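Peer 1: Requesting a structural model of the entry that follows:
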Amino acid sequence: MPSVMHPLKQRCCQSASGRDNGGVNRANSGVNLAVLRGHNAALVLDLLRTAGDEGISRLELAERTGLTPQGVSKITARLREQGLVTDTGRRASTGGKPRTVLRLVPDAGHAVGLHLDRDELTAVLVDLAGTVVAERRSPLAFGAGGDAVVEAAASEVEALLADADADGGDAGGGDTDAGDPGRPDAQDPDARDPVHPEPPTPRVLGVGVALPGPLDHSSGVLHRVTGFPEWDGFPLRDALAERLGLPVVVDKDTNAAALGLALAGCGDAFAYLHLGTGLGAGLVLGGAPYRGPHTGAGEFGHQVIQLDGPLCGCGNRGCIEALCLAAVAAGSFDEAARVLGEGAANMVGLLDIDLVLLGGRTVAAAEERFVEGVRAVLGERARRGGTVEVPVLRAPGAATAVVEGAAQLVLAPLFGRAHGHFPANRNDRNLS
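Peer 2: Residues are numbered from 1 along each chain as shown. Just a heads-up that it's a prediction; the model follows:
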């Protein structure tokens, strides 16, 4: 039987905010109907997203959300007016007339995902269904500093959107500025060039940026990125938003990947370990991404496992990151996997997670050896301790997990998934 997604219900004089359902709203003690409508619309949109091309009927939406059929009809009518939902035919019912089936319109909106690595920038344009419709890669000098990186990132975003336009506007869903009284050509139809019309502009909801930490997700301000102390205190979110004129969300690369993997149905208690130019972890606990109050969770690479070991870029000695990268540099992938496995086993014992996923370009260079090496360490720990052996797998879509997860930093709130739980979307087939 399908699980029921509970609509947000509100008691008198209490807030309907997503973060604190039931807390006192000191700014306005009345019922916040706009927030209620937004939450319930997100429930409906998320079910439409997971239904895919097959679609879902209004009656099924009511059954799955717990909303009344009348409420679902009002919500879907608004979503249709906004171009987010369309009819996709009829489906036979067990009694009465056939049901109208609705589906999400993927190209009604898009998000940009940016992965700023220490030496490379990757940008993708993703539609509402999570499909990548355009992609760009370029070298990046992360050590050049905030202003230079912001300009490089903004230029790549602009080029990405131009590429999408040049491909025929598949990413756009129409000219979203048409009819805007602030545009000269909206006031004067003759101002349009009939021979060379402007290509449709993608309806971009925002830009999600994923990069190495530490950083503050809520403020978008970077801290002392390992090896790049000059970034400490740089307001990346605000600087890039001002340059592009678009909303921007900033998070650690591992958190972005974990969010995307959770939305894809990888589970509700797992860790994503990313070994590339650095090493970190993204955590999903209790069905939701876990960042910690200061976005400090998942600083996996800087746990010390060898006292007086080699110096790490963070200033400590014997960090897992330093030991792993030193082994890789020496060509010993088996030793790197063993070290990574020891850290993973510590984390499994501490957090009681039930899955470890591996990704990152260094893992990709010797994927099977890393998976088997980490799995061997966790298996040995489990046998010695008499505990359950936790599976170790390559992360689905590992090559693009971070950048696609960055786009989901923008899209997830639209579907009520920014801070919510994911078990209803669990699909173990995504791990095969």
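
Peer 1: so what's residue 338 up against?
Peer 2: When contacts are counted by CB atoms under 8 Å, 6 or more residues apart in numbering, residue 338 touches 373, 376, 377. The C-beta positions use only the backbone N, C-alpha and C, and glycine is treated the same way.

Peer 1: Please apply the same query to residue 272.
Peer 2: Here residue 272 is in contact with 254, 257-258, 261, 281-284, 357-359, 395, 401 (CB under 8 Å, 6+ apart).

Peer 1: Distance check, the residue nearest to it when sequence neighbours are not counted against residue 259.
Peer 2: Using CB to CB, 6 or more residues apart in numbering and skipping the chain neighbours, the partner closest in space to residue 272 is residue 282 (4.2 Å). Remark: distance between residue 282 and residue 259 (CB to CB, to the nearest Å) = 8 Å.

Peer 1: So between these two, which is more surrounded?
Peer 2: The residue with more neighbours, out of residue 282 and residue 259, is residue 282; 34 against 31, by other CB atoms under 10 Å.

Peer 1: coming back round to it: ramachandran coordinates for the residue nearest to residue 272?
Peer 2: Note on residue 282: its backbone torsions stand at phi -110, psi 130 [degrees, to the nearest 10].

Peer 1: ok, now how distant is it from residue 71?
Peer 2: Distance from residue 282 to residue 71, by CB to CB: 35 Å.

Peer 1: and what of residue 42?
Peer 2: Residue 42 is 14 Å from residue 71, where distance means CB to CB.

Peer 1: Between those two, which is the more surrounded one?
Peer 2: More neighbours surround residue 42 than the other of residue 42 and residue 71, with 22 against 17 (other CB under 10 Å).

Peer 1: quick one: residue 359 and residue 394 touch, right?
Peer 2: Yes. Counting by CB atoms under 8 Å, residue 359 does reach residue 394; the two are 7.2 Å apart.

Peer 1: When those two are compared, which one has more neighbours?
Peer 2: Counted by other CB under 10 Å, residue 359 and residue 394 do not tie: residue 359 has more neighbours, with 28 against 16.

Peer 1: quick one: contacts for that one?
Peer 2: Per CB under 8 Å, 6+ apart, neighbours of residue 359: 257, 272, 273, 274, 275, 394, 395, 398, 399, 401, 402.

Peer 1: which residues do residue 282 and residue 259 both contact?
Peer 2: residue 289.

Peer 1: and which of the contacts of residue 338 is nearest to residue 350?
Peer 2: residue 377 (15.0 Å; CB to CB).

Peer 1: Confirm that that closest one lies within a helix, as I assumed.
Peer 2: Yes. Assessed by DSSP: H, G, I helix; E, B strand; the rest coil, residue 377 belongs to a helix.

Peer 1: How many residues are close by it?
Peer 2: The burial count for residue 377: 20, using other CB under 10 Å.

Peer 1: Quickly find the element holding residue 349.
Peer 2: Assigning secondary structure by DSSP states H and E places residue 349 in helix 333-351.

Peer 1: just residue 271 next, same as before
Peer 2: With DSSP H and E as criterion, residue 271 is part of strand 270-275.

Peer 1: Just checking: what are the partner strands of that strand?
Peer 2: strand 279-285 (antiparallel), strand 356-359 (parallel) (DSSP bridges).

Peer 1: average pLDDT for that strand?
Peer 2: Confidence for strand 270-275, expressed as mean pLDDT, is 97.

Peer 1: Now do it against helix 333-351, angle only.
Peer 2: Angle of strand 270-275 versus helix 333-351, following axes from the mean of the first three to the mean of the last three CA atoms, to 10 degrees, is 150 degrees.

Peer 1: I'd like the next helix or strand past the helix or strand of the chain with the lowest mean pLDDT.
Peer 2: None of the helices or strands of the chain scores lower by mean pLDDT, DSSP states H and E than helix 184-187, at a mean of 35. Moving toward the C-terminus from helix 184-187, the next helix or strand (DSSP H and E) is strand 204-211.

Peer 1: Can you name the element that comes right after that following strand?
Peer 2: Later in the chain than strand 204-211, the nearest helix or strand by DSSP H and E is strand 215-216.

Peer 1: And that following strand, what does it pack against?
Peer 2: strand 221-222, strand 248-252 (3 or more CB pairs under 8 Å, 6 or more residues apart in numbering; DSSP states H and E).

Peer 1: Let me know which of these is the nearest to residue 157.
Peer 2: strand 248-252 (10.0 Å).

Peer 1: average model confidence for the following helix or strand past that closest one?
Peer 2: Toward the C-terminus, strand 248-252 is succeeded by helix 253-263 as the next helix or strand (DSSP H and E). The average of the pLDDT scores along helix 253-263 is 95.

Peer 1: start at 244 instead
Peer 2: In the new count, where the first residue is 244, that last one comes out as helix 496-506.

Peer 1: Tell me the buried residues in helix 496-506?
Peer 2: 496, 497, 498, 499, 500, 501, 502, 503, 504, 505, 506 (16 or more other CB atoms under 10 Å).

Peer 1: orientation of that helix relative to strand 513-518 in degrees?
Peer 2: 140 degrees.

Peer 1: tell me what helix 496-506 is packed against?
Peer 2: Using 3+ CB pairs under 8 Å, 6+ apart, helix 496-506 sits against strand 353-359, strand 447-454, strand 513-518, strand 522-528, strand 531-533, helix 644-654.

Peer 1: got these as CSV, with distance to residue 327 columns?
Peer 2: Shown next, in CSV, are the helices and strands packed on helix 496-506 (distance: least, CB to CB, whole Å):
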stretch, distance to residue 327
strand 353-359, 12
strand 447-454, 11
strand 513-518, 30
strand 522-528, 27
strand 531-533, 24
helix 644-654, 12
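
Peer 1: Can you tell me which of those has the worst average pLDDT?
Peer 2: Among the helices and strands packed on helix 496-506, strand 531-533 scores lowest, with a mean of 92.

Peer 1: Packing partners of that strand?
Peer 2: helix 496-506, strand 522-528.

Peer 1: Repeat the analysis, applying 7 Å as the threshold.
Peer 2: Secondary-structure packing of strand 531-533 (3 or more CB pairs under 7 Å, 6 or more residues apart in numbering; DSSP states H and E): helix 496-506.

Peer 1: okay but residue 613 is in contact with residue 603, surely?
Peer 2: No. Assessed by CB atoms under 7 Å, residue 613 is found out of contact with residue 603, at 9.2 Å.
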